[in-house]
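K.L.:
A structural model of the following input is requested.
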Amino acid sequence: MRNLSLNRSHIPLTPKASVAKGLALYSVSGTGASVNCDSSVSFIYKYCSKLPGDKYYLPRPEFVFRSVEGEENLHVCTLRLPPNAPFQEVLGPPSNRQIHAKQLVCLEACKRLHEVGAVDDYLIPITEAVPEEEETINSKGKNTAGAGTTKRKELHVEAKAKALCGSWGKELNGVALQIYKLVFMAQDNDEKAYADFALFIEGTLDDDVANAEIDLHLTAGRVVKARFAPIGKMPLNSIQIKDAKAFQEILYNGIFGKLIKRTKSSNGVDVVMKNILGTKKIKRAWASSNIYFLLPLESNKGGFHDTKVNIDWKCISKCADVARAFEYYRTRLQVGEDDSSGVYLASGPILTADLIDKAIVTIHTGKIYCVTDVLHDKTAESPFPEPQDSEMPGYISYSDYFQKKYGRNLNYLKQPLLQLKQSHRPHNLLTRHVEKSQGLY
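P.N.:
This next block holds a predicted model:
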């Protein structure tokens, strides 16, 4: 096509310098489609942009440079493609310039993508066609929910993981399950330690999965190595199974803010606040097609190579007690109000000194908070802060606030208030990791 353009033009044209100099080129003989060093980098970026992604992950190439050993002026570039590409890493030839090394490795990747069929003979990325979905129209002729909306969710096919299937959900006398230790190790020694977990399933994982190891690149430049290892079988008695189920129900639903279900009337006012524990929805969550335990391990006990698994049953038992108190909450505490050393929670009295840095679940919202301080100078009878917005309703005291907003009458008006740090719903902490070298990406 280039020769045709040159021959048809009545104005003399000079070929591009890169072609005239015989710069590296990859061409498809059948169609004449080609890509050279000048266009190879943009070609790879365009190819990655066609790969599946979402709002948390944007597929992009990564480039890592290193000097050739013994040759300071020679550089080699490694191209890393997203995980959903047909291959993940390409090593390019050496060059005396980093930008040229980057172009050469992209050209090599273009060649390999065509060879494996990821791009067609016209060097156009091959993507699977998404079938058009039938629009749902309501009685007024309006489109009620399109693809990707909250009502329709994402149009992805859901598949059941065979490894998570099990028949032990209704076992009352105990069961022996396979254990896999999940350990997180921060590469920065000054960083706080991460909690480790144990996965309990009925089946056995394949060796490549059971011994997986991966670097997790988090925000703020943090890098954590996640390691998975098989430990063997461990018996669980009926009490442990019951507590583990309650632990997962209260913690994981609480993290996602789903312990309380609010039903609103037509005018937008909350009329029902119902906790979901003990409902049919929770019981269905323990279906045989998706049943497992993900339980915390005791901190600073053993290491990755330790074959012993020290489950933190103390933590699990306390969470289970909270779950049971949350589900069957009744105001039954008959204690005095003049004891300044403790406060009275729905689950019972507790010393104020034992509350700091502890996680609590609120009965009226079902959200999880962390206690940062005990405010001895404030009680439920203290004046409520005036609203900054004049249109917002005002409250006389904290007890007045809880009564009017949540319909809760506080029993212990004299005890100190707790200062809480609100936990946020989980979000993706993983980031696109790009290694830098002398300012080049």
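K.L.:
so, low pLDDT: which residues of the protein?
P.N.:
For the chain, the stretches flagged by pLDDT under 70 are 1-23, 54-56, 128-159, 189-191, 219-220, 255-285, 300-307, 326-341, 389-390, 423-441.
K.L.:
immediately after the longest strand anywhere in the chain, which helix or strand?
P.N.:
Longest strand in the chain, counting residues (DSSP state E): strand 223-236. From strand 223-236 onward toward the C-terminus, using DSSP states H and E, the following helix or strand is helix 238-255.
K.L.:
in that next one, what's buried?
P.N.:
Buried residues in helix 238-255, defined by neighbour count with 16 or more other C-beta atoms under 10 Å: 240-241, 243-251, 253-254. C-betas here are computed from N, CA, C, even on glycine.
K.L.:
how about Asn198, secondary structure?
P.N.:
Actually, residue 198 is Ala. It isn't Asn. Recorded secondary structure, Ala198: strand (DSSP: H, G, I helix; E, B strand; the rest coil).
K.L.:
pretty sure Gln88 contacts Leu81?
P.N.:
Yes. Judged on C-beta atoms under 8 Å, Gln88 makes contact with Leu81 at a distance of 5.4 Å.
K.L.:
run a quick neighbour tally on Glu72.
P.N.:
Burial measure for Glu72: 8 neighbouring residues, criterion other C-beta atoms under 10 Å.
K.L.:
show me which of Gln88 and Leu81 is the more surrounded one.
P.N.:
Here Gln88 and Leu81 are set side by side on neighbour count (other C-beta under 10 Å), and the busier one is Leu81, at 23 against 12.
K.L.:
strands of the stretch 251-400 of the chain, start to end?
P.N.:
Secondary structure of the stretch 251-400 of the chain (DSSP state E, counting those that start in this stretch): strands located at 260-264, 270-275, 293-296, 342-345, 348-351, 359-361, 368-379.
K.L.:
strand partners (parallel or antiparallel) of the shortest one?
P.N.:
According to DSSP bridges, strand 359-361 has the following sheet partners: strand 368-379 (antiparallel).
K.L.:
picking that back up, who touches the longest strand of the chain?
P.N.:
Contacting residues not belonging to strand 223-236 are listed as 174-188, 194, 198, 200, 204-205, 209-218, 244, 304, 307, 309 [C-beta atoms under 8 Å, 6 or more residues apart in numbering].
K.L.:
for Lys242, give its distance to Leu164.
P.N.:
Using C-beta to C-beta, to the nearest Å, one gets 20 Å for the distance from Lys242 to Leu164.
K.L.:
I meant to write Lys111 there.
P.N.:
Between Lys111 and Leu164 the distance is 41 Å, computed by C-beta to C-beta.
K.L.:
the stretch 1-150 of the chain: helices as residue ranges?
P.N.:
Secondary structure of the stretch 1-150 of the chain by DSSP state H, counting those that start in this stretch: the helices cover 2-8, 17-20, 37-49, 98-115.
K.L.:
out of those helices, flag the one nearest Ser399.
P.N.:
helix 37-49 (56.3 Å; C-beta to C-beta).
K.L.:
what's the angle from that closest one to helix 98-115?
P.N.:
For helix 37-49 against helix 98-115, the angle by axes from the mean of the first three to the mean of the last three C-alpha atoms, to 10 degrees is 60 degrees.
K.L.:
and helix 37-49, what does it pack onto?
P.N.:
In this structure, helix 37-49 makes packing contacts with helix 98-115, judged by 3 or more C-beta pairs under 8 Å, 6 or more residues apart in numbering; DSSP states H and E.
K.L.:
flag every buried residue along the helix it packs on.
P.N.:
Within helix 98-115, the residues that qualify as buried by neighbour count (16+ other C-beta under 10 Å) are 98, 100-114.
K.L.:
list the contacts of that helix.
P.N.:
With contacts defined as C-beta under 8 Å, 6+ apart, helix 98-115 is touched by 24, 26, 28, 35-38, 40-41, 43-44, 47, 61, 63, 65, 75-79, 81, 86-87, 90-95, 119, 121, 123, 437-438, 440.
K.L.:
send the alpha carbons of it over as PDB?
P.N.:
Presented in PDB, the C-alpha positions along helix 98-115 are these (Å, rounded to 0.1, in the frame of the first residue of the first chain):
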ATOM      1  CA  GLN A  98      16.500   2.100  26.600                       C
ATOM      2  CA  ILE A  99      13.800   3.600  24.400                       C
ATOM      3  CA  HIS A 100      15.000   1.400  21.500                       C
ATOM      4  CA  ALA A 101      15.100  -1.700  23.800                       C
ATOM      5  CA  LYS A 102      11.500  -0.900  24.700                       C
ATOM      6  CA  GLN A 103      10.500  -0.700  21.000                       C
ATOM      7  CA  LEU A 104      12.300  -4.000  20.200                       C
ATOM      8  CA  VAL A 105      10.600  -6.000  23.000                       C
ATOM      9  CA  CYS A 106       7.200  -4.600  21.800                       C
ATOM     10  CA  LEU A 107       8.000  -5.700  18.300                       C
ATOM     11  CA  GLU A 108       8.900  -9.100  19.500                       C
ATOM     12  CA  ALA A 109       5.600  -9.300  21.400                       C
ATOM     13  CA  CYS A 110       3.700  -8.200  18.300                       C
ATOM     14  CA  LYS A 111       5.200 -11.100  16.400                       C
ATOM     15  CA  ARG A 112       4.400 -13.600  19.200                       C
ATOM     16  CA  LEU A 113       0.800 -12.300  19.500                       C
ATOM     17  CA  HIS A 114       0.200 -12.900  15.800                       C
ATOM     18  CA  GLU A 115       1.800 -16.400  16.000                       C
END
